[in-house]
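J.: everything below, folded, please.
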Amino acid sequence: MENLLNIFIKSIFVDNMVFAFFLGMCSYLAVSKTVKTSVGLGIAVIFVLVITVPVNFLIEKYILRKGALIWLGESFADVDLSFLTFMIFIAVIAAMVQLVEMIVEKFSPALYNSLGIFLPLIAVNCAILGASLFMQEREFLNITEALVFGAGSGIGWFLAIVGIAAIREKIRYSNVPAPLRGLGITFIITGLMAIAFMGFMGIKL
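T.: I've put the predicted structure just below:
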């Protein structure tokens, strides 16, 4: 239990997808103009990560890695399909994003319209693929650890985009120098938030 909590907390604060690795910056910058759209996209990213990371864990464990196909018989013991990792992971992510897109369009047309092209672009959001690749790199022992890591990574990305959206809504009424208005001040604030999140690196569970 302590190990799962450690994975969860670290994936949110210490190994935050935006502030530690700067992954998913395209949608982070483009959709974070209002809190409402940021919350919608953030929830969609959490949903996709919670499903895709465990699914990709199972695929990697039982299909892709060398010797994973031994359950089919001894003749498959030396088969190595790891070269298909990127292709399979992206296919799983694209399928889940398509599911999310259909759900959002059916139950929240207003949010679907406000997110626009950035909802289907979750499929090529490098934070989503990055989570699956980090899962593979860290060699989690079971699907529960992969699930917790996926959920924590999604929540971390959610906190990042909602936080910057709330700040951007406030600074509209601030006297920002003309050359820094828009993305300029957003990049500066993102850097400051990343420095603030570095303070969590001392967390030891």
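
J.: mind giving me the packing neighbours of the lengthiest helix in the chain?
T.: The longest helix of the chain (DSSP state H) is helix 143-171. Contact here means 3 or more Cβ pairs under 8 Å, 6 or more residues apart in numbering; DSSP states H and E; on that basis helix 143-171 packs against helix 2-9, helix 25-31, helix 35-59, helix 126-138, helix 183-197. For glycine as for every other residue, the C-beta is placed from the backbone atoms N, C-alpha and C.

J.: in the helix or strand of the chain with the lowest mean pLDDT, what counts as buried?
T.: Lowest by mean pLDDT, DSSP states H and E among the helices and strands of the chain is helix 109-115, with a mean of 80. If you call a residue buried by 16 or more other Cβ atoms under 10 Å, then helix 109-115 has these buried ones: L111, Y112, S114, L115.

J.: what does it rub up against?
T.: Helix 109-115 has contacts (Cβ atoms under 8 Å, 6 or more residues apart in numbering) with V31, T34, K36, T37, G40, L41, A44, E101, V104, E105, L119.

J.: tell me the one of these nearest L133?
T.: Distance to L133 across the contacts of helix 109-115 (Cβ to Cβ) is lowest for A44, with 20.1 Å.

J.: got a pLDDT number for the residue nearest to that closest one when sequence neighbours are not counted?
T.: Closest residue to A44 apart from its sequence neighbours, by Cβ to Cβ, 6 or more residues apart in numbering: V100 at 5.0 Å. pLDDT recorded at V100 is 85.

J.: how many residues are close by V100?
T.: Applying the criterion other Cβ atoms under 10 Å, we find 19 residues in the vicinity of V100.

J.: any idea which element it lies in?
T.: Using DSSP states H and E, V100 maps to helix 85-107.

J.: and that helix, how far out from the chain's middle?
T.: 13 Å (Cα atoms, centre = their mean, to the nearest Å).

J.: list the buried residues in it.
T.: In helix 85-107, counting by 16+ other Cβ under 10 Å, buried: T85, I88, F89, I90, V92, I93, A94, M96, V97, V100, E101, V104.

J.: report the buried members of the contacts of helix 109-115.
T.: V31, T37, G40, L41, A44, E101, V104, L119.

J.: got TSV for those, with distance to F8 too?
T.: Listed next are the buried ones among the contacts of helix 109-115 as TSV, based on distance: Cβ to Cβ, whole Å:
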residue	distance to F8
V31	25
T37	26
G40	23
L41	21
A44	20
E101	27
V104	26
L119	26
